[in-house]
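Asks: I would like to see how this sequence folds:
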Amino acid sequence: MEIKSEEQIAKSKMQNVRSEEQIAKGLRFYASQSTIHTLCFLLLVICSWLGGCASVGQKDTVLALVDGDPVTEGDMIYALTISHRREDLSSAGSFNLSQYVNKMIDDRIIVHDARSAGMDKLPEVISALDAFILRESVMKLREEEVLSKIKVTEEEVRESYKILSKGESPENEFDKVKGALKNRLSKQKEKEKGDECLGKLREKARIFIDKELISQDNPPEDKTGSVSGSADNRTVADANGEILTMSAFKTMKKQRLGRSGEDIVNDWIDRKLIDQEALNRHYEKLPEVGEKLKRYEDQLLKNVFVRNLVVPHVEINDEILKEYHSSHTKDFMKPGNYRVQSITVKTEEEAREIKASLMNGADFSWLAKRKSIDNASQKGGDTGWITLKELPARLHDSIDTMNPGDLTDVIRINDSAFAIFRLQEVTGAMVEDFENVRDAVYKACFNEKAKDILNQYINRLKNDANITLYDDRIQALEAKLQKQTRD
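Replies: Numbering: from 1, shown residues only. Next up, the predicted model:
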């Protein structure tokens, strides 16, 4: 049994706790206020410049102080990663570090107030932190006992290539597949080392399995006085004192149809032994893990603050929603529709010949039925009514400058497809009826009102906060980042 990856551990361990995403549901408006449009690239620049995002050292530059609490470059990296991982960052833009540092100061003020209100003692926060510590600890255990101890050499990759190809593949093919072969060997060694580590954990563990109980297809209910409908607490398995009850086992069986009861129990034991070993090593006391834990807790507290102190004050009714819809019509426009014809062929040369024929008066529908290889060919190339998003990306910029009857130039769809389009009809954009976009209106209106309330809270809290901005450091960092993005 291998020591599982971060994604597998996160999936299995967060089922019973309230995750950050669940806590933050409905509150994503707060993370959407960034002024940074080139974030994805900048994150790579910052991380490489500081030597990686995994930890932040003592030399981390302080950009601001909030009641003596420093806001550092490392804090900025973490906040960017958490708050904006889902944004579309494809377009370039300016990087205003000062504005973003001010946002981080606002966040820090919120976190301080959340702590003062005792929100860090809420069960959901404690549960989420426990899950975070477990996830980070298992990752560190895997890194320490598995990943750091495996290595795939060039000779091993070449030997694997010879075996798989049976000596028949030419040497010049090796470079094309060596990356995949190396990854395959690495995964194999990782599993072997993980199984070895797990075997050692099992050797020293105190394990009990009630094989008779788990072998029954429909285990009878406990007859020792349990109330009808109550949990069945009979012990199915015990891993170093941690108990798997019959109720939990039944639930697991329902979720894993086709797996034997013994396999399910052994999987549970493996996970528990890994979890116990990881937690017993107290990786959370390491500086880099402790720093990540603090930042994660701050993010949780910010979300809980918004949920508890902002959301309850947002008041929305039908009248407010209709007013919002009528005053923000540009946000609720139904996109225009286009009706086009297409002819798609395999080569650019053939496409240009067809374009010349069309310019000389040839019938588009006739050529489409005889020449086109796309799905609309038998309809004379008629694609029906479609939206801009459904048109090829290279047609987006020119379609609105065309008049009905106009032809496009030859457009390269991919390496083996070239197309010509003819615009037949177009309908303009129009405002969607309120009832059709009610949910979208509610979300937008809610976010705007919640943002206003949040800003009121922050402004009040700022009156009592002692804030220091190190403008020279912020400007120096901003200049350095902008230079690196240009380079």
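Asks: hey, what's Glu242 bridged with?
Replies: Applying DSSP bridges to Glu242 gives these bridge partners: Ala239.
Asks: Val431 versus that one, what's the distance?
Replies: Glu242 sits 59 Å away from Val431 when distances are taken as Cβ to Cβ, to the nearest Å. Yep, even glycine has a C-beta here, placed from its N, CA and C like the rest.
Asks: neighbour count: the two, which is higher?
Replies: Between Glu242 and Val431, counting by other Cβ atoms under 10 Å, Val431 is the more crowded of the two (16 against 13).
Asks: assess the claim that that one and His328 are in contact.
Replies: No. Judged on Cβ atoms under 8 Å, Val431 makes no contact with His328 at a distance of 9.9 Å.
Asks: and stretch 103-116, average pLDDT?
Replies: In this model, stretch 103-116 carries a mean pLDDT of 94.
Asks: any buried residues in the lengthiest helix in the chain, and which?
Replies: Assignment by DSSP state H gives helix 174-204 as the longest helix of the chain. Along helix 174-204, the positions that meet the burial threshold by neighbour count (16 or more other Cβ atoms under 10 Å) are Val177, Leu181, Lys182, Leu185, Ser186, Lys189, Glu190, Lys193, Gly194, Cys197, Leu198, Leu201.
Asks: which strands or helices does that helix pack on?
Replies: Contact partners of helix 174-204 among helices and strands, from 3 or more Cβ pairs under 8 Å, 6 or more residues apart in numbering; DSSP states H and E: helix 123-145, helix 154-165, helix 261-280.
Asks: next SSE downstream of it?
Replies: Sequence-wise, the next helix or strand downstream of helix 174-204 (DSSP states H and E) is strand 207-209.
Asks: same question for the longest helix of the chain, mean pLDDT?
Replies: Per-residue confidence for helix 174-204 averages out to 92 on the pLDDT scale.
Asks: same thing with stretch 360-376?
Replies: On average, stretch 360-376 scores 93.
Asks: send the alpha carbons of it over as PDB?
Replies: Coordinates of each C-alpha in stretch 360-376 appear next as PDB, following Å, rounded to 0.1, in the frame of the first residue of the first chain:
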ATOM      1  CA  ASN A 360     -15.800  34.900 -58.900                       C
ATOM      2  CA  GLY A 361     -19.400  34.100 -58.200                       C
ATOM      3  CA  ALA A 362     -19.500  30.400 -57.200                       C
ATOM      4  CA  ASP A 363     -22.400  29.400 -55.000                       C
ATOM      5  CA  PHE A 364     -21.300  28.900 -51.300                       C
ATOM      6  CA  SER A 365     -23.800  26.200 -50.500                       C
ATOM      7  CA  TRP A 366     -23.000  24.200 -53.600                       C
ATOM      8  CA  LEU A 367     -19.200  24.200 -52.800                       C
ATOM      9  CA  ALA A 368     -19.800  23.400 -49.200                       C
ATOM     10  CA  LYS A 369     -21.800  20.300 -50.000                       C
ATOM     11  CA  ARG A 370     -19.100  19.100 -52.400                       C
ATOM     12  CA  LYS A 371     -15.800  20.200 -50.800                       C
ATOM     13  CA  SER A 372     -16.400  20.800 -47.000                       C
ATOM     14  CA  ILE A 373     -15.300  18.200 -44.500                       C
ATOM     15  CA  ASP A 374     -17.100  19.700 -41.400                       C
ATOM     16  CA  ASN A 375     -20.400  18.600 -39.900                       C
ATOM     17  CA  ALA A 376     -22.400  21.400 -41.600                       C
END
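Asks: go ahead and name everything in contact with that stretch.
Replies: The set of residues external to stretch 360-376 that reach it, using Cβ atoms under 8 Å, 6 or more residues apart in numbering, is 341-346, 350, 354, 357-358, 377-383, 417, 419, 422.
Asks: residues of that stretch that come out buried?
Replies: Residues of stretch 360-376 classed as buried under the neighbour-count rule (16+ other Cβ under 10 Å) are Phe364, Leu367, Ala368, Lys369, Lys371, Ser372, Asp374, Ala376.
Asks: quick one: distance of it to the chain centre.
Replies: In terms of Cα atoms, centre = their mean, to the nearest Å, the centre of stretch 360-376 is found 44 Å from the chain centre.
Asks: cool, and stretch 179-193?
Replies: When C-alpha coordinates are averaged (Cα atoms, centre = their mean), stretch 179-193 and its chain have centres 26 Å apart.
Asks: same check, this time on stretch 380-395
Replies: On the basis of Cα atoms, centre = their mean, stretch 380-395 sits 30 Å off its chain's mean C-alpha point.
Asks: can you give me the end-to-end span of stretch 452-472?
Replies: Across its full length, stretch 452-472 reaches 31 Å end to end, with Cα to Cα, to the nearest Å as the criterion.
Asks: what does stretch 342-352 give?
Replies: Separation of the first and last residues of stretch 342-352 by Cα to Cα is 14 Å.
Asks: the stretch 301-450 of the chain: strands as residue ranges?
Replies: Listed in chain order, the strands found in the stretch 301-450 of the chain under DSSP state E, counting those that start in this stretch are 333-334, 337-345, 382-387, 411-414, 417-427, 430-431.
Asks: partners of the second one, with directions?
Replies: So that's strand 337-345. Sheet partners by DSSP bridges: for strand 337-345, these are strand 382-387 (antiparallel), strand 417-427 (antiparallel).
Asks: so what's Arg86 scoring on pLDDT?
Replies: So, for Arg86, pLDDT stands at 36.
Asks: follow-up on the earlier one: can I get the helices and strands packed on helix 174-204 in CSV with mean pLDDT, distance to Ile474 and mean neighbour count?
Replies: What follows is these, written out as CSV (pLDDT from 0 to 100; distance: least, Cβ to Cβ, whole Å; neighbours: other Cβ atoms under 10 Å):
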stretch, mean pLDDT, distance to Ile474, mean neighbour count
helix 123-145, 96, 30, 19
helix 154-165, 87, 46, 14
helix 261-280, 96, 39, 19
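Asks: these: which one's closest to Asp397?
Replies: Each of the helices and strands packed on helix 174-204 has some distance to Asp397 by Cβ to Cβ; the shortest is helix 123-145, at 44.9 Å.
Asks: elements contacting that closest one?
Replies: Secondary-structure packing of helix 123-145 (3+ Cβ pairs under 8 Å, 6+ apart): helix 6-13, helix 20-23, helix 174-204, helix 261-280, helix 287-309.
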